[in-house]
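A.B. asks: Need a 3D model of the following:
(chains A, B, C and D)
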Number of protein chains: 2
Amino acid sequence: MFEPTIKDIAKICGVGVSTVSRAINNHPDINPETKEKIMNTIREYGYVPNDSARNLKRVDAKAIAVLVKGIANPFFTSMIKVIEQECKKKHYAMELSHIEADEDEVDVAQKVVKEKRLRGIIFLGGLFSHSEEKLKKLSVPFVFSTVGSIPENISKNIYSSISVDDRRESARMVDFLIRLGHTQIAILVAEATEESIGKLRLEGYCDALRAHGIEMNHRLICQTRNELSHFSMENGYLSTKKLLERGERFTALYAVSDALAIGALRALHDAGLRVPEDISLAGFDGIEMASYTVPSLTTMHQPVEEMAKDTTRLLFDIIAEKTKHQHITYEAELMIKESTAKRS
Amino acid sequence: MFEPTIKDIAKICGVGVSTVSRAINNHPDINPETKEKIMNTIREYGYVPNDSARNLKRVDAKAIAVLVKGIANPFFTSMIKVIEQECKKKHYAMELSHIEADEDEVDVAQKVVKEKRLRGIIFLGGLFSHSEEKLKKLSVPFVFSTVGSIPENISKNIYSSISVDDRRESARMVDFLIRLGHTQIAILVAEATEESIGKLRLEGYCDALRAHGIEMNHRLICQTRNELSHFSMENGYLSTKKLLERGERFTALYAVSDALAIGALRALHDAGLRVPEDISLAGFDGIEMASYTVPSLTTMHQPVEEMAKDTTRLLFDIIAEKTKHQHITYEAELMIKESTAKRS
DNA sequence: TTGTCCATTGGAAACGTTACCGAAATCGAT
DNA sequence: ATCGATTTCGGTAACGTTTCCAATGGACAA
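C.D. replies: Just a heads-up that it's a prediction; the model follows:
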């Protein structure tokens, strides 16, 4: 199979390679007729420019990377989909890469950036606890989207962040449960290490209890660690089962992610407990699935679409130096569904 | 920020670039000591080889593409995850790309292959109705995984395929429902155009009815088309609602994918119908979520893990010319759960 | 006519790597 | 000591593009 290169096209058209290049890249300094002729032969011979050669020559590739920690969470799947759409619009390539639980996200980022000459990075999920100097080594702009809190001692000028105020919104959810009359509220946190999202949401839980003068019962905090994926349905199922087997008493269960809540729902059902009659159940994230469970799930809905779009646009703007680093916080929406009820 | 190249490393070590290249690529013709020294400076200076330059020089990039049609289906998400793992093991890069509903998969494939110099392609989902000559233009090997049936007139020697026997397994599911005493079985098919998977599963449905001498009622075949994503929960929900509003009578509902079934479950619940007491519900795919619904979903479980692994390995083997094209069919497993019951 | 300017173009040097080819050095064996 | 074989290495030509820079030609003003 003959694969034409730019030289072949040039030869066929009887022009120089630079002219063909100009035609391909919409350069202004070219005669419309010549361009027309070149584009025709390109179509005819099915010529497609070699990406590697382009990226090699260009100072920077038209591409960004999305590094996800914990792809299992459907919330991220939604975000990625939107990010990809945005990238396509801007004719940017998107390099998607998972970060294993034991990998350091910044190390991975550094490697990817150098390998592929990317122009920017989006970190999705995971937590963050890196030194400023390490961050600075990342020679391209990056934005943290929906990651845990970032240590105060890192200058806000060297990175962007996008997320809801996890701690506050979490507190709102718990506050809602308390106002329904619940005082014994169990919480499902997959992992609450360091500055993870789970930790933030757990803190929100504590805030709300404290605000209402409810004494915290440590045995109602369920942190069963699942090595594989923190925010999985399976983890929610197993954790809840363990909680019930321990014989803890509670009238409401708050899972810090919808996936966990869905697993919890099943576990409660298996134990013969009715939701919401016996136990109220609440989640967090607002994934599509939450509307389809029976009973449907009360949850804190994060504006995924908006967040993903803003994440991408912000990164592009920073790359184009149209703006400096920003830190955007979104409002989550409390979606009251069937899984929660007044304490009977 | 200084970004060292292979030349810089060579200069620092006082060796030639080819020696550094040999060190990086584990070539045999190199003194272990030299290699050691080079690797140390590489680590010290944080050198990472430029991927574009590598791929440009190498005849073929160490990369394959995965082209998915209908990423919404969680079944594909699982497959992709496994495929990615397999690629990592073989040190292959994986280029993931969605195919929009209106795009031609082979055209996209052709473009991607040329652009990135890939060694192979995995087609995931979608349907297939292309001419043999067009397929032949694809200069790299490819395997169809879980796509609809492929026209008979295309030589089986130019492509590989991996899937369950959708028609047969679908018939098995319906047969199971019939044996439970159901005769009025509605079916939810998202799209049944051309040679799609939906069509195949619908044919299986017809086969089973015919085998049992049950007359088909066309009004029980629900093909509501959703422009966005065929196998979505929303589509299942809306279709079922429409079916109920039309006042059709049926005692069992068979959705050709679990996502559809989950939407259906919710719609049935909203209509005050109990599953399985009033209506038996069955799905297809065997996604994780099917185990967590209440009631849990009777479904045909496809061996995702195995299929994804085999898909990847098969492609690698074909690339390495260790084998010719193959066509593998898997057994699905009928998972009987709570959502189906004997007709009362 | 002559000179200037603009619009188009072609040539060639990079970009960073790998692969080939040949050279140097080391080593046994005769 | 000589010679071939083996190990280890360096130089250099690609890979396919983009981007400079210079060149060509025509149009236009002086």
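
A.B. asks: what about the spatially closest residue to residue A:53 that is not a sequence neighbour, which helix or strand?
C.D. replies: Nearest residue to residue A:53, sequence neighbours excluded (CB to CB, 6 or more residues apart in numbering or on different chains): residue B:56, at 5.2 Å. From N, CA and C alone the C-beta is placed, and that goes for glycine too. Per DSSP states H and E, residue B:56 falls inside helix B:51-57.

A.B. asks: from the chain's centre, how far out does that helix sit?
C.D. replies: Chain-centre distance of helix B:51-57: 29 Å, with CA atoms, centre = their mean, to the nearest Å.

A.B. asks: just stretch A:220-240 next, same as before
C.D. replies: That offset, for stretch A:220-240, works out to 19 Å (CA atoms, centre = their mean).

A.B. asks: do the same with stretch A:21-29
C.D. replies: On CA atoms, centre = their mean, the centre of stretch A:21-29 falls 37 Å from that of its chain.

A.B. asks: now it: mean pLDDT?
C.D. replies: In this model, stretch A:21-29 carries a mean pLDDT of 92.

A.B. asks: is chain B contacted by it?
C.D. replies: No: judged by CB under 8 Å from any CB of the partner chain, stretch A:21-29 stays clear of chain B, getting no closer than 12.5 Å.

A.B. asks: Close to chain B: what parts of the stretch 51-200 of chain A are there?
C.D. replies: Checking the stretch 51-200 of chain A against chain B by CB under 8 Å from any CB, the hits are A:51-56, A:61, A:71, A:74, A:77, A:81, A:84, A:96, A:98, A:110-111, A:114-117, A:137, A:139.

A.B. asks: low pLDDT regions in chain A?
C.D. replies: Applying pLDDT under 70 to chain A flags the ranges A:1, A:127-130, A:192-194, A:225-229.

A.B. asks: where exactly do the strands run in it?
C.D. replies: A:63-69, A:93-99, A:120-124, A:142-145, A:160-164, A:185-188, A:221-222, A:252-255, A:280-282, A:299-301, A:327-330, A:333-335 (DSSP state E).

A.B. asks: how about the residue lying closest to residue A:313 once chain neighbours are set aside, what does it touch?
C.D. replies: In space, and not counting its chain neighbours, residue A:313 is closest to residue A:86: 6.8 Å by CB to CB, 6+ apart. Counting by CB atoms under 8 Å, 6 or more residues apart in numbering or on different chains, residue A:86 makes contact with A:308, A:309, A:312, A:313.

A.B. asks: Can you name the residue of the stretch 101-250 of chain A nearest to DNA strand D?
C.D. replies: DNA strand D sits closest to residue A:117 of the stretch 101-250 of chain A, with a gap of 12.5 Å, by CB to the nearest atom of the strand.

A.B. asks: Domain-wise, how is chain A divided?
C.D. replies: A:6-49, A:63-165+A:303-331, A:166-302 (automatic domain parsing).

A.B. asks: Any residue of the first one touching DNA strand D?
C.D. replies: What it means is domain A:6-49. Yes: looking at domain A:6-49 against DNA strand D by CB under 7 Å from any atom of the strand, the contacts come from A:6, A:7, A:17, A:18, A:21, A:22, A:24, A:25, A:47, A:49.

A.B. asks: Any part of that domain near DNA strand C?
C.D. replies: Yes: Domain A:6-49 comes into contact with DNA strand C (CB under 7 Å from any atom of the strand), by way of A:14, A:15, A:16, A:17, A:18, A:19, A:22, A:29, A:30, A:31, A:32, A:34.

A.B. asks: From those, list the buried ones, please.
C.D. replies: A:15, A:19, A:22, A:30 (16 or more other CB atoms under 10 Å in any protein chain shown).

A.B. asks: which of the strands of chain A is buried the deepest?
C.D. replies: Most buried of those, by mean neighbour count (mean count of other CB atoms under 10 Å in any protein chain shown): strand A:252-255, with a mean of 31.

A.B. asks: What lies in contact with that one?
C.D. replies: Outside strand A:252-255, the residues that touch it by CB under 8 Å, 6+ apart are A:173-174, A:177, A:180, A:182, A:184-188, A:205, A:236, A:240, A:243, A:261, A:263-264, A:268, A:279-284, A:340, A:343.

A.B. asks: Quickly run through the sheet partners of that strand, with directions.
C.D. replies: Strand A:252-255 pairs in its sheet with strand A:185-188 (parallel), strand A:280-282 (parallel), by DSSP bridges.

A.B. asks: Could you find the closest non-adjacent residue to residue A:49?
C.D. replies: Nearest to residue A:49 is residue A:24, by CB to CB, 6+ apart, at 6.2 Å.

A.B. asks: measure that neighbour to chain B for me?
C.D. replies: When distance is defined by CB to the nearest CB, to the nearest Å, residue A:24 is 13 Å away from chain B.

A.B. asks: number of nearby residues for that residue?
C.D. replies: 17 (other CB atoms under 10 Å in any protein chain shown).

A.B. asks: Please verify my assumption that it contacts residue A:48.
C.D. replies: No: using CB atoms under 8 Å, residue A:24 is not in contact with residue A:48; the gap is 10.0 Å.

A.B. asks: Can you report phi and psi for the residue of the stretch 151-300 of chain A found nearest DNA strand C?
C.D. replies: Residue of the stretch 151-300 of chain A nearest DNA strand C, by CB to the nearest atom of the strand: residue A:158 (24.2 Å). Residue A:158 has phi and psi values of phi -100, psi 0 when expressed as degrees, to the nearest 10.
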